[in-house]
Structure formats: structure tokens, C-alpha cells
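Asks: fold the following for me, if possible:
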Amino acid sequence: CLNLPLAFLKKLVGAYFVFNKGNMNTRAAKILLHVLCVSFLTNAAKLPHLIMFLGDDMGWSNAGWHNNNTKTPFIDNLIRQEGIELDRHYVFFYCSPTRTSVMSGRLPMHVAESNSYPCGYNGSAPLEMTFLPAKLKTAGYRTHHIGKWHIGGFGTSKALPIKKGFDSSFGYLYGAEDHYTNMNGGCANAGCGLHVDLWRDNQPAHGENNTNYSARLYAGEAERVLRAHNQSEPLFMYLAVQDAHGPDEPDIYANDYSQSEYTSYFINYNGMMTAVDDLTKNLTSVLKDIGMWNDTLIIFSSDNGGPTKAINGNANNYPLRGGKCTSFEGGHRAIAYATGGLIPKKMRGTKLEGYIHIADWYSTFCRLAGVDPHDHPAVEAGWPDVDGIDMWDYITGTTTTSPRTEVPLSSRYAQTMAPPTPRNNTSSALIINDYKLIRFSNPYCNWFGPVYPNASSTKEVDPCECDPPGCLFNIRSDPGEHNDLSKSPDHQQILQNLITRAEQLDRTAIEYGRAPGWRGYLNQTKSCQQMVRNGGFWGPYDP
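Replies: Just a heads-up that it's a prediction; the model follows:
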């Protein structure tokens, strides 16, 4: 029992003293605590293994199950035979807020809506918020982080994965780096050159950088963790791979594409998607080989839509509009699927078209682990509670409709990150039932063809303003957002209802009423000095 989670041990000790002060004698108290301990261990052994598998910067059309120009044959078959395609799975329109959302269980508007926040001293989430691995540890889970973090860890070490509930962590702290050397310029480009961003648990991963292509590096770590795992205990793995984020380095996977048929831009980007296909094949093979597959649930999602040439990317979101850094469907609607032996047979090979937000997996995983999803310590500290909705009944087919009918994608405080439009760099979106409201600006709003980028592709920049009252789309009948209904006489009441609700949500945003900089600022001088002390590795400068 000494190996039980600390939170549960505290409860046992507390119960022991309560019983011992009452009418129960010491021997009876010990027997009862032993029974509780054995019961905990028995229940933990029955809990499912949970894997949150996050891809990076993946376009809607850069998936073989959406467009056969991209080579992802293993995943295509996995979804058809052992998975569920999640057709309306929503995320933030770029990296860090999505990652903070899934770890905290909050909608981005209630935790972070900017890619600059991981470079705040405390990281992108208030330190009082309980992250998903910490919740699962109270149920006996062993928890592991692999790959991209992008939530904090450059200022205080309290924002490192190992301090947020993970038993082990291996990956990089910032948002992007070279796929081979693991080098970047530090958080928000610290100004002291390119250095290594690779961290293991509490220290730099010396000797492990520049040893392999990123997809193989993290696939190897995932296999090591799985093969070393004690299967009498439930496992939670957060696997956040670097592909298909730039720099566009496809390694050997470029060979899967014909140079006479596709441009180098297309090949280099889509080759990274094929790398993820190979990684997925390895992951599932290991799970089946060691006998864990039947008791495992895997949720896969991209962190946002694909970046197109408008922001120096080569992804394709056809037939959706826009992409990364925009509030259109190409930015928020992510490729996603569920798989694993835990998926009921009747659901395998199906497509779910109800709304799911990535924050919902926090509550869903808590339900599967038998723990309360509410974050009482954070609420007591004055922060918003968890927003996630339990999706398990929808995934298993117990109910045929998603419990989520409203998807608040972003508030008026959301920063588009891309070069600002002539007016501002904020954008906001809200979905209620069939309709979607977009307010303010977007850096681009183009549509693309099925093979993009091609030889005629240019760096298109078409700023799209959704001035008051905003743009309104029926995303069920018009998923490509071609027809703005905001001026339609027949849709004025729907428009006003969404505006009213969006303004209500603005007032619940975590930024509302708080002065800029409340997360604290990163001291770049200290960051560079710590990098030198670390032997050329980025990392937190305060314990």
C-alpha cells in the first residue's frame, strides 16, 4: 500500500485517526484500512489504460481518410476496423491553448487564449489548476508525458510536466524545434542563439538530443514506457508528437510521394503525416504485443487546423475555410479519432458527427477512472472550474447524440498570433446547434483545392473582417463557410442570440477584469544564463 498515490495515502491515514479516536480499537482500524487499501488496488487493476495522442498542425485534408493524396494507410484502416472517426472535434486555432485545455479540462477562454502565455513566468495555466494526470493519479494511475509540452517550464519549474502530475516526462518545453537536433531559440526567442530544448523529468536530457528523427525518438520512448509498465496498474500516457509542425522535415517518409506528381512543399509536409502513421503503427503493435490493447482507449486529435502558405505553412484544410490562426472551421475543426480495445464492437468503423471539444476528454477520462472531475482547489483559489463534458456514453453508443450543443471556441480576448490585420489581431467564435458566429478579424480566410500546395500556390493573404455584428454560418449545411448569413432577414434572431451568448461568455473569460501580465513575465536574461548552466539546454531558471 505504500506505493499508492499520495492523495489516497493521506485519506487512509486520516481515516485511521478518525477510527482510532472513536469506538473502534486499533486492531479493527488496521483491518478496515487494509480492506480499503486492497479494495483500492483491486479497483485500480480493473481501470482502463488511457492514451491522449496529440498531433501538431495537421490539416483537415492531410489525412488519408479525408484525402487519398496523403499516405496514412495504417490509420485509415485502424479507423475503419477498430476506431471511430470524430468528425466534429473542436480545438483552439493554435497550439498552446489546445494543450492547456486538454490538461486542465477548461475551454481555452477559461485558461489561456494565447501562444505567448507559456512564456509567462508561471506558464499558461494558473498553478492551482489540477491537471489531468494529477486527477488520474488519485485513482492509482501511472502517468507519463512524451513529446511537446508548450504549457510552461521556462520560468518556474512548478510548470514542468513532472510537477503537474506526471510520473515521468521526456520531451521539449517550447512550441517547435528542429526534428533532428532538438534545437530552438528558447521561449519567445530569448536572444542568445539556438540551443537544445529536450528535458527528462527534472533535468536536461543530456546525451539524448540529436540522436534520432523526432517521430522515431518519441515512438521509442513510448515503447520503452509501455514495455516497462506494471500491467496490474492503470496507465495514462500523454503522447504529443512534433509532426506535422515545421520545420518541414519528413525524413525517409518523403520517399512515399512522387516528385513528378507533387511539389516539394506538398511532399515535405505530407511526409510528416506519413511519419505519424508509422508511429501509430508501432504504438498499436506494442500495445497488442504486450496484451494491453483490449483494455486501452486512445484518443487522437490534432492541436489545431493546418497552417497554409498565408502563415508560411504547407498544410491543406480542403474543403474547409481558413486554417491555423483563424476562427474558420479550417482552424478549429481538427482531425480526430478514437480507437483501442475499449471501443465497443458496434461502434467500430463508425463516424460520430456530434460536437466534442478537446476539453471534454478531461471529464471523460475522470469518469473512466472513477474520480470527480471538478477542480475544487482551483475554484477555491478563484479560478474557473472544469468545463469538460463526459462523452463516454456517446462514444460507446449508449446515447446517439452528443451532450454538447454549444461549443465556445474562443472569446474576444483570443489572439490570432499571426501578423495582425489592419484593425486588430483578435478573433472569436461560438457554435450553438447548427450555427456559428465569428467576430472580429482573421489573418486569412481562403479556400483550397484537394492537392495543395501545388505549383501555382502563392502566399495568399486575404484578411477577413467579421465586423459587428459578426459573420454567421450554418456549418451543418455549409461546412465550408461560403455563405455569410449575418445580413439575412430570416436569421436576425439567431444572430442576436449568438451575439448575446458570446458577450456573456466574454465576461467569464479568464482575462476578463485582469490586468495584462498577471501570469508573470519571463526574464530572458535569466533564461539564457540558466541555459549556460544547463550545458546548452533550455529549462526553468527558478525551482
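Asks: neighbouring strands of whichever strand in the chain runs longest in the sheet, and parallel or not?
Replies: Selection of the longest strand in the chain by residue count, based on DSSP state E, yields strand 464-474. Sheet neighbours of strand 464-474, with direction, are listed as strand 435-442 (antiparallel) (DSSP bridges).
Asks: hmm, who's touching the partner strand?
Replies: 322, 325-329, 412, 416, 420-421, 423-431, 463-466, 468, 470-475, 481, 485, 491, 494-495, 498-499, 502 (CB atoms under 8 Å, 6 or more residues apart in numbering). (C-beta placed from N, C-alpha, C; glycine too.)
Asks: restrict that strand to CA atoms and write it as PDB.
Replies: Listed next in PDB are the C-alpha coordinates belonging to strand 435-442 (Å, rounded to 0.1, in the frame of the first residue of the first chain):
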ATOM      1  CA  TYR A 435     -24.900  27.900 -36.300                       C
ATOM      2  CA  LYS A 436     -21.500  29.500 -35.800                       C
ATOM      3  CA  LEU A 437     -20.800  33.200 -35.000                       C
ATOM      4  CA  ILE A 438     -17.300  34.700 -35.900                       C
ATOM      5  CA  ARG A 439     -16.400  38.100 -34.500                       C
ATOM      6  CA  PHE A 440     -13.600  40.500 -35.300                       C
ATOM      7  CA  SER A 441     -10.600  39.700 -37.500                       C
ATOM      8  CA  ASN A 442      -8.900  36.800 -39.200                       C
END
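Asks: picking that back up, looking at the contacts of strand 435-442, which are in strands?
Replies: Of the positions in the contacts of strand 435-442, 427-431, 464-466, 468, 470-474 sit in strands, assigned by DSSP E.
Asks: which residues in this structure form helices?
Replies: For the chain, helices defined by DSSP state H occupy the ranges 6-21, 26-46, 73-82, 95-104, 132-137, 214-228, 264-289, 329-332, 360-369, 376-380, 392-396, 492-506, 524-533.
Asks: which of the ones you listed has the highest mean neighbour count?
Replies: Burial among the helices of the chain, expressed as mean neighbours by mean count of other CB atoms under 10 Å, is greatest for helix 329-332, which shows a mean of 30.
Asks: run through who's touching that one.
Replies: In this structure, residues lying in contact with helix 329-332 by CB under 8 Å, 6+ apart are 59-60, 90-94, 304-306, 317, 320-325, 409, 429, 436, 475, 479-481.
Asks: how about 7 Å then?
Replies: Outside helix 329-332, the residues that touch it by CB atoms under 7 Å, 6 or more residues apart in numbering are 60, 90-91, 93, 304-305, 317, 320-325, 409, 429, 475, 479, 481.
Asks: just the buried ones from those residues?
Replies: In terms of neighbour count (16 or more other CB atoms under 10 Å), the buried residues within the contacts of helix 329-332 are 60, 90-91, 93, 304-305, 317, 320-325, 409, 429, 475, 479, 481.
Asks: for the residue nearest the centre of the chain, what are its contacts?
Replies: In the chain, the centroid-proximal residue (CA atoms, centre = their mean) is residue 99; its distance is 3.7 Å. Taking CB under 7 Å, 6+ apart as the definition of contact, the neighbours of residue 99 are 150-151, 240, 303.
Asks: can I get those in TSV with neighbour count, pLDDT and distance to residue 360?
Replies: Putting the contacts of residue 99 into TSV (neighbours: other CB atoms under 10 Å; pLDDT from 0 to 100; distance: CB to CB, whole Å) gives the following:
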residue	neighbour count	pLDDT	distance to residue 360
150	28	97	20
151	25	97	19
240	22	98	18
303	28	98	15
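Asks: what bits of this structure have low per-residue confidence?
Replies: 1-45, 417-424, 460-463 (pLDDT under 70).
Asks: check the gap between residue 384 and residue 94 for me.
Replies: Counting by CB to CB, to the nearest Å, the gap between residue 384 and residue 94 amounts to 21 Å.
Asks: more crowded one of those two?
Replies: Ranked by neighbour count (other CB atoms under 10 Å), residue 384 and residue 94 place residue 94 first, with 27 against 20.
Asks: before we move on, the earlier item: for residue 249, see how far away the residue nearest to the centre of the chain is.
Replies: Look at residue 99 and residue 249: by CB to CB, they are 21 Å apart.
Asks: on that earlier part again, so which residues make contact with the longest strand of the chain?
Replies: Under the contact criterion CB under 7 Å, 6+ apart, strand 464-474 has outside partners 421, 423, 434-442, 444-445, 481, 483-486, 491, 495, 499.
Asks: give me the buried subset of those.
Replies: If you count burial by 16+ other CB under 10 Å, the buried members of the contacts of strand 464-474 come out as 421, 435-442, 444-445, 481, 484-486, 491, 495, 499.
Asks: which single one of the contacts of residue 99 is nearest to residue 375?
Replies: In terms of CB to CB, no member of these lies closer to residue 375 than residue 151, at 15.8 Å.
Asks: which residues touch that closest one?
Replies: Taking CB under 7 Å, 6+ apart, we find residue 151 in contact with 96, 99-100, 103, 118, 123-125, 159.
Asks: go on, residue 247?
Replies: 178-179.
Asks: now with 8 Å, please.
Replies: Taking CB under 8 Å, 6+ apart as the definition of contact, the neighbours of residue 247 are 176, 178-179.
Asks: go on, residue 174?
Replies: Going by CB under 8 Å, 6+ apart, residue 174 touches 118, 150, 154, 184, 186-187, 197, 538.
Asks: picking that back up, so which of the contacts of residue 99 sit within strands?
Replies: With strands defined by DSSP E, the entries of the contacts of residue 99 inside them are residue 240.
Asks: could you identify the most distant pair in the contacts of residue 99?
Replies: Checking those with CB to CB, the most distant pair is 151 and 303, at 11.7 Å.
Asks: mind listing the strands for the stretch 51-200 of the chain?
Replies: When assigned using DSSP state E, counting those that start in this stretch, the strands of the stretch 51-200 of the chain occupy the ranges 83-86, 89-90, 142-148, 168-172, 183-184, 195-196, 199-200.
Asks: tell me the strands beside the longest one, with direction?
Replies: What it means is strand 142-148. Taking DSSP bridges as the criterion, strand 142-148 pairs within the sheet with strand 168-172 (parallel), strand 235-240 (parallel).
Asks: with respect to residue 131, which of these lies nearest?
Replies: Residue 131 lies closest to strand 235-240 among the strands paired with strand 142-148, at 9.5 Å (CB to CB).
Asks: off-centre distance for that closest one?
Replies: Here strand 235-240 shows a centroid-to-chain-centroid distance of 11 Å under the convention CA atoms, centre = their mean, to the nearest Å.
Asks: please enumerate residues in contact with it?
Replies: Looking at strand 235-240 with CB under 8 Å, 6+ apart, the contacting residues turn out to be 49-54, 56, 99, 103, 132-133, 136, 141-149, 166, 171, 218, 222, 225-226, 229, 283, 292, 303, 365.
Asks: what separates the residue nearest to residue 537 when sequence neighbours are not counted from residue 57, distance-wise?
Replies: Closest residue to residue 537 apart from its sequence neighbours, by CB to CB, 6 or more residues apart in numbering: residue 204 at 3.5 Å. To residue 57, residue 204 is 26 Å away according to CB to CB.
Asks: same deal with residue 234?
Replies: On the measure of CB to CB, residue 234 and residue 57 end up 31 Å apart.
Asks: residue 88 too?
Replies: When CB to CB is the yardstick, residue 88 and residue 57 sit 20 Å from each other.
Asks: settle it for me: which of those two has more neighbours?
Replies: The residue with more neighbours, out of residue 88 and residue 57 and counting by other CB under 10 Å, is residue 57; that gives 27 against 22.
Asks: surely the more buried one meets residue 303?
Replies: Yes. When contacts are counted by CB atoms under 8 Å, residue 57 is listed as touching residue 303 (7.2 Å).
Asks: identify the contacts common to the two.
Replies: residue 95.
Asks: close enough to count as contact, residue 89 and residue 338?
Replies: No. With contact taken as CB under 8 Å, residue 89 and residue 338 are classed as non-touching, separated by 9.5 Å.
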